[in-house]
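here you go, sequence then predicted model.
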Protein chains: 4
Amino acid sequence: MSILRIGRIELRVLDLKESVDYYTRFMGLTETGRDDNSVYLKAWDEYDHHSLVLTEADSPGVDHVAFKVRYAEDLEDLNQRINEWGLSTEWLAAGSRLAEGEALVTTLPTGHRCEFYHQIERVGIAVGNTNPEPWPDDLQGVGVQRFDHCLLVGNDLEGATRFFVEVLDFHQSERLITADGTMLATFLHCTNKAHDIAFLKGPDTKLHHVGFYVGTWDNVLKAADLQSRHGVRTELTPSRHGLTRGLTTYFFDPSGNRNETYSGGTFPYYDDEVVTWTEDQAGKAIFFHGREMIETFGEVFT
Amino acid sequence: MSILRIGRIELRVLDLKESVDYYTRFMGLTETGRDDNSVYLKAWDEYDHHSLVLTEADSPGVDHVAFKVRYAEDLEDLNQRINEWGLSTEWLAAGSRLAEGEALVTTLPTGHRCEFYHQIERVGIAVGNTNPEPWPDDLQGVGVQRFDHCLLVGNDLEGATRFFVEVLDFHQSERLITADGTMLATFLHCTNKAHDIAFLKGPDTKLHHVGFYVGTWDNVLKAADLQSRHGVRTELTPSRHGLTRGLTTYFFDPSGNRNETYSGGTFPYYDDEVVTWTEDQAGKAIFFHGREMIETFGEVFT
Amino acid sequence: MSILRIGRIELRVLDLKESVDYYTRFMGLTETGRDDNSVYLKAWDEYDHHSLVLTEADSPGVDHVAFKVRYAEDLEDLNQRINEWGLSTEWLAAGSRLAEGEALVTTLPTGHRCEFYHQIERVGIAVGNTNPEPWPDDLQGVGVQRFDHCLLVGNDLEGATRFFVEVLDFHQSERLITADGTMLATFLHCTNKAHDIAFLKGPDTKLHHVGFYVGTWDNVLKAADLQSRHGVRTELTPSRHGLTRGLTTYFFDPSGNRNETYSGGTFPYYDDEVVTWTEDQAGKAIFFHGREMIETFGEVFT
Amino acid sequence: MSILRIGRIELRVLDLKESVDYYTRFMGLTETGRDDNSVYLKAWDEYDHHSLVLTEADSPGVDHVAFKVRYAEDLEDLNQRINEWGLSTEWLAAGSRLAEGEALVTTLPTGHRCEFYHQIERVGIAVGNTNPEPWPDDLQGVGVQRFDHCLLVGNDLEGATRFFVEVLDFHQSERLITADGTMLATFLHCTNKAHDIAFLKGPDTKLHHVGFYVGTWDNVLKAADLQSRHGVRTELTPSRHGLTRGLTTYFFDPSGNRNETYSGGTFPYYDDEVVTWTEDQAGKAIFFHGREMIETFGEVFT
């Protein structure tokens, strides 16, 4: 059983039109389809039909995250493993969303809806597959390269970590712990990204941020310049995380969902030892340059 | 069965002392041990005891490449799969080299000795695992971050590709083909690197280059500046590959083995479609900026 | 009469030994001499004997700034012009400080001691003048390239601007003004730097910061990483100024004098029109990414 | 008498339409006007009406270079100095070209037509002068920031150097000399650029290249990527010059006039000592990374 990556995230947004405008013109995603309630988007370097789904709702936040499995038959295997581990599952029929096949659905120990899927329509990368240019020439705004990861908020980080490691065969790259070993943050990957998904200690079912990959420190600067130009509410100006070594900015979409531009993080292998950050160094762990907690970081969730 | 990565390469060098000096002081690797014939080195961001072995010999070239498997029991499984595919194997006893456990050995369709192993002593990354800095403060020279990949030369690229895909479950990220579909180059990965190993059409058993990861385009410039300062024989000044999108320089170690500093390539997933380059665009595929074949690229092998 | 550049700044520091350690090992300057009270330092890409003088004192701050004139005879001409403009002057004899010739001394409308000089011993740049490498191979810490500019604090910014423009033939590159046109900040250059000297509205005789040039946005990141590693008190993590477009970090030397690593600013010519920032955009003018005033910026002076 | 900078260059091009398309869509300049024979262009960060004039002709090359003086009255002073030095001059009436005032014309010791001017219409920088963004959001192609310098070819480099130093008060930043001291290349500046104008030993009246400033090493990569994408004939892929430390690519406009994207060079002051490169290191001086002369560099002039 093998999970390829975190494949998509569905966000609740307050005003669909405004949100689509933000994610396409400012972030540089491409709209690939829409149905009654939702708009589907992909980044230029992604093959699948969508990695971000925006759905209008009364409050912002995350509707679900979903992981793509390598083979169709992985889903049935996964269903059994999840049930054996003690979580219940259900099936979402193919076509429930645009361009998607069936999905296996469960609820994470942190209360988040989590799906697994194999089938999704292919659109292809913007530069094509034959003698391609290294980047497309019509990028809008920040021009993010791919949906990279998300950070969710919840209480049972030990449970979430065990679920991803034991059931889904993820590897924990890094963690932030208290003096007594309680996890305050956990970083989990099934690729060689520093994290496909991570969790922060806090109220269940919440979203901390959605991370988009931008490739370089120069592109982080470009993103920050554009955040300023377009008046995008910004929480963290260009900086490094101690955790993952990532280079980053934090800012908010029009509904208040936190976004991140991310580049330059580690490239962990499954036999790497977990990197541990201690609570007394939490400021440095998260904001390596400022070395102090930004209050909203631990308070503003959607 | 899961292969973690290309874990090491053993190079034949003409003068061991001179080579160690080059790979430590110029390239920035660390010597972690030596035995009668060989010196063992690792890069700062690697955990294992070594990723490069230098062995004195009458001619330069590659002695073997080796892939690390996730579990000890993968080796036996792998042995069976390799034999079933039609290649013979043998076992190399633990301790045959410094700090290594047993290895499974086979010969690739291109004639190269290829090993698989699980057990190797751990040294750890230079920055440690608890509240680490993002980079070490005592890097020498180029200060390469990790052994990234190698490009080998051989005739049967179709066979090599099938072996890696069918037996080892690698994925082909890119390929360069003639008009009739014959592969002139094939890029294969078991991680999300653009290539763990690649093959170029040519005489069997040869080495094209060993690629070391340097992280950024600025570090490629730093490497090129240092190549000039230290009189290192250089074949390719800072450029991009069309294949893999990688940013790169090519140069030669004192024995004539080609080295590469590499950064910025693609991050392929297993469900990505193969990127195809056509022979008429071979110059652009390999030297994206110069768009013409550098003669020595296809002629100088060790 | 032509002024070549701001040539040096003398800082008061609380603990000379600790300060020298900071400016050499952390900032990467080289000590070129010392006398009874002071230590003299230069950056690697500067020819003259020193650009920074550290003098032990009971309180931090700036002792004086000094501008180098092109010809010895410029000093006498300058003396007359300054006196005619209404400021008094005096002469400081050659040898009053190490390696320096005579200096002409005046007091700026903002109360700062300001010197003009021509003669100073030459040490030369670290890479030499014959077939030089592009950068030295033994840089310490941040490895700043040159003393770039300083920002002083004072009340009469109109007077200071007129003095520099009318008497010293500087050009104003940028300014921050209130709705009624009062200057809150003024940027003045005699080179093609965005500023050789600038002034911020506030109490007379104070220092806001000393700016050191680091060349690239990647070097700003390196500086920020090192600030964190070495526990250097940091006020501004990597960011851009709207004013001058500069890329920057702010932090404090052990005495509390603010330092800046600077790169990437504008390259103004004397016929460029002044760039004007309005007070309602002051946050964005100074902290282009954060777009809010950092309180200490306008409060912490030495 | 003070010269502000090299203000414009007029190039002869074979096909005006094709050339305008290249310099606007590929290089990112803006057309600001045209008259019977010529098209006038400026870069986004320049104030004046034009810095590049394209004029259709039967052969490519440079029609003239022109330096802007600070004050109108500098021209008469300059006229006298040039005549006293032994060169004849003439006046070009205001309005002979679009948006230009009168110009003083002479012929350099290398046979090139050289003009001096003060009056030219102002267009302004693309980001405006009040609370400006750091860069414009509608850049085309390479998006060069300014016309930076040119390298001309001629025989009497000693004469040219003396003319610029003695008459125009330029400073020589660097030079390449033979063992007997004959100059093979000379770099001259009146700003803090590494060169406003430079000369290479060779046939009189020829153009080697026009240099455009692109700001960063990342932008040099972007330029090289675009050169490949658009099939622009390229001579030098991303590299460093030893001379000036500049980061660069060389390529050709549709008429065969060599262009350069340039960034990262030195920032010389008038009291800097000249940097000397010796002929035996000429390859390294010009192509710091490749360390060998590219044949066309010394052979292809227009």
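Yep, that arrived. Residues are numbered from 1 along each chain as shown, chains lettered A, B, ... in the order given.

which positions in the stretch 51-200 of chain A make contact with chain D?
Where the stretch 51-200 of chain A comes near chain D, counting by C-beta under 8 Å from any C-beta of the partner chain, the residues are A:133-135, A:137. In this view, the C-beta of every residue, glycine as well, is placed from N, C-alpha and C.

neighbour-wise, which of the residues you listed leads?
Neighbour counts for those were taken using other C-beta atoms under 10 Å in any protein chain shown; the highest belongs to residue A:134, which has 20 neighbours.

dihedrals phi and psi, it?
Dihedral angles phi and psi of residue A:134 (degrees, to the nearest 10) take the values phi -80, psi -20.

quick one: pLDDT of the closest residue to it other than its chain neighbours?
Taking C-beta to C-beta, 6 or more residues apart in numbering or on different chains, and ignoring the residues beside it in sequence, residue A:134 has residue B:245 as its nearest neighbour in space, at 4.5 Å. Among the per-residue scores, residue B:245 holds a pLDDT of 98.

re earlier: can you lay out the residues of the stretch 51-200 of chain A next to chain D as CSV showing distance to residue C:30?
Below are those laid out as CSV (distance: C-beta to C-beta, whole Å):
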residue, distance to residue C:30
A:133, 46
A:134, 41
A:135, 42
A:137, 46
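
could you point out which of those is nearest to residue B:223?
For these, the residue nearest residue B:223 by C-beta to C-beta is residue A:134; the value is 19.7 Å.

ok, the closest one to chain C distance?
As defined by C-beta to the nearest C-beta, to the nearest Å, residue A:134 lies at a distance of 20 Å from chain C.

OK, contacts around that residue?
Contacts of residue A:134 were listed using C-beta atoms under 8 Å, 6 or more residues apart in numbering or on different chains, and they are A:127, B:240, B:242, B:245, B:288, D:225.

which SS class is the residue lying closest to the first one once chain neighbours are set aside?
Right, the one you point to is residue A:127. Using C-beta to C-beta, 6+ apart and skipping residues adjacent in sequence, the residue nearest residue A:127 is residue A:133, 5.0 Å away. Secondary structure assignment for residue A:133 (DSSP: H, G, I helix; E, B strand; the rest coil): coil.

quick check, residue A:133 in contact with residue D:225.
Yes. Residue A:133 lies in contact with residue D:225 (C-beta atoms under 8 Å); the separation is 7.4 Å.

and the residue of the stretch 1-150 of chain A nearest chain C?
Distances between the stretch 1-150 of chain A and chain C by C-beta to the nearest C-beta are smallest at residue A:142, namely 13.5 Å.

isn't there a strand covering residue A:140?
No. Residue A:140 is assigned coil when assessed by three-state DSSP, not a strand.

quick one: neighbours of it, just the number.
13.

got a list of what it touches?
Residues in contact with residue A:140 (C-beta under 8 Å, 6+ apart) are A:24-26, A:28.

export those to a markdown table and append columns for pLDDT, neighbour count and secondary structure.
Rendered in a markdown table, the data for the contacts of residue A:140 read as follows (pLDDT from 0 to 100; neighbours: other C-beta atoms under 10 Å in any protein chain shown; DSSP: H, G, I helix; E, B strand; the rest coil):
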| residue | pLDDT | neighbour count | secondary structure |
| --- | --- | --- | --- |
| A:24 | 98 | 16 | helix |
| A:25 | 98 | 13 | helix |
| A:26 | 98 | 23 | helix |
| A:28 | 98 | 23 | coil |
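
which residue sits closest to the residue of chain A positioned farthest from its centre in space, ignoring its chain neighbours?
Counting by C-alpha atoms, centre = their mean, the extreme residue of chain A relative to its mean C-alpha position is residue A:131, 30.2 Å from that point. Using C-beta to C-beta, 6+ apart and skipping residues adjacent in sequence, the residue nearest residue A:131 is residue B:281, 4.7 Å away.

determine the three-state secondary structure at that neighbour.
Here residue B:281 is helix, with the state taken from three-state DSSP.

which parts of chain A are helices?
A:16-21, A:74-85, A:157-162, A:217-229, A:282-286 (DSSP state H).

can you give me the distance of the residue nearest to residue A:131 to chain D?
11 Å.

burial measure for that residue, as a count.
Neighbouring residues of residue B:281 were enumerated by other C-beta under 10 Å; the total is 16.

ditto for the one 3 residues further on
The criterion is other C-beta under 10 Å. On that basis, residue B:284 has 23 neighbouring residues.

for it, what are its contacts?
Residue B:284 is in contact with A:131, B:242, B:277, B:291, D:228, counting by C-beta under 8 Å, 6+ apart.

try it again at 6 Å.
For residue B:284, the set of contacting residues under the criterion of C-beta atoms under 6 Å, 6 or more residues apart in numbering or on different chains consists of B:242, B:291.

domains for chain A, by residue range?
As assigned by automatic domain parsing, chain A contains the domains A:3-117, A:146-298.

so for the longest one, first residue to last residue, what's the gap.
Yep, that's domain A:146-298 we're talking about. Taking C-alpha to C-alpha, to the nearest Å as the measure, domain A:146-298 stretches 26 Å from start to finish.

point out the residues in the stretch 1-150 of chain A that sit beside chain C.
Where proximity means C-beta under 6 Å from any C-beta of the partner chain, the stretch 1-150 of chain A presents no interface facing chain C.

what sits against the closest residue to residue A:175 other than its chain neighbours?
The shortest distance from residue A:175 to any residue that is not its chain neighbour, by C-beta to C-beta, 6+ apart, is 5.1 Å, and that residue is residue A:186. If you count contacts by C-beta under 6 Å, 6+ apart, residue A:186 has them with A:157, A:161, A:175, A:199.

and residue A:52, bridged to which residues?
residue A:9, residue A:41 (DSSP bridges).

gap between the two ends of stretch A:149-166?
20 Å.

over to stretch A:147-166?
With C-alpha to C-alpha as the measure, the first residue of stretch A:147-166 is 25 Å from its last.

what residues does it touch?
Contacting residues not belonging to stretch A:147-166 are listed as A:9, A:51, A:108-110, A:112, A:170, A:183, A:186, A:188, A:195-202, A:204, A:206, A:208-213, A:262, A:301 [C-beta under 6 Å, 6+ apart].

swap in stretch A:190-208?
Contacting residues not belonging to stretch A:190-208 are listed as A:3, A:5-6, A:61-62, A:110-112, A:149-155, A:157, A:160, A:170, A:173, A:184-189, A:244, A:265-267, A:301-302, B:191-192 [C-beta under 6 Å, 6+ apart].

those residues in strands, which ones?
Counting by DSSP state E, the part of the contacts of stretch A:190-208 found in strands is A:3, A:5-6, A:61-62, A:149-154, A:173, A:184-189.

so what's the closest residue to chain D within the stretch 101-250 of chain A up against?
Distance from chain D to each residue of the stretch 101-250 of chain A (C-beta to the nearest C-beta) is smallest for residue A:218, at 4.4 Å. For residue A:218, the contacting residues are residue D:218, taking C-beta under 6 Å, 6+ apart as the criterion.

please repeat the previous calculation with a cut-off of 10 Å.
Residue A:218 sits next to A:247, A:263, B:216-218, C:216-218, D:216-219, D:221-222 when contact means C-beta atoms under 10 Å, 6 or more residues apart in numbering or on different chains.

the closest residue to residue A:71 other than its chain neighbours: neighbour count?
With C-beta to C-beta, 6+ apart as the criterion, residue A:71 has its nearest non-adjacent residue at 6.6 Å, and that residue is residue A:118. Number of residues near residue A:118 (other C-beta under 10 Å) recorded here: 20.

residue A:118 against residue A:75, yeah?
Yes. Counting by C-beta atoms under 10 Å, residue A:118 sits close enough to residue A:75 to count as a contact (6.1 Å).

any shared contact partners between these two?
Any residue near both residue A:118 and residue A:75 by C-beta under 10 Å, 6+ apart counts here, and that gives A:69, A:101-104.

can you list the residues you listed in JSON lines and add neighbour count, pLDDT and distance to residue B:96?
Listed next are the shared contacts of residue A:118 and residue A:75 as JSON lines, based on neighbours: other C-beta atoms under 10 Å in any protein chain shown; pLDDT from 0 to 100; distance: C-beta to C-beta, whole Å:
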{"residue": "A:69", "neighbour count": "24", "pLDDT": "98", "distance to residue B:96": "39"}
{"residue": "A:101", "neighbour count": "17", "pLDDT": "98", "distance to residue B:96": "49"}
{"residue": "A:102", "neighbour count": "18", "pLDDT": "98", "distance to residue B:96": "50"}
{"residue": "A:103", "neighbour count": "23", "pLDDT": "98", "distance to residue B:96": "49"}
{"residue": "A:104", "neighbour count": "22", "pLDDT": "98", "distance to residue B:96": "46"}
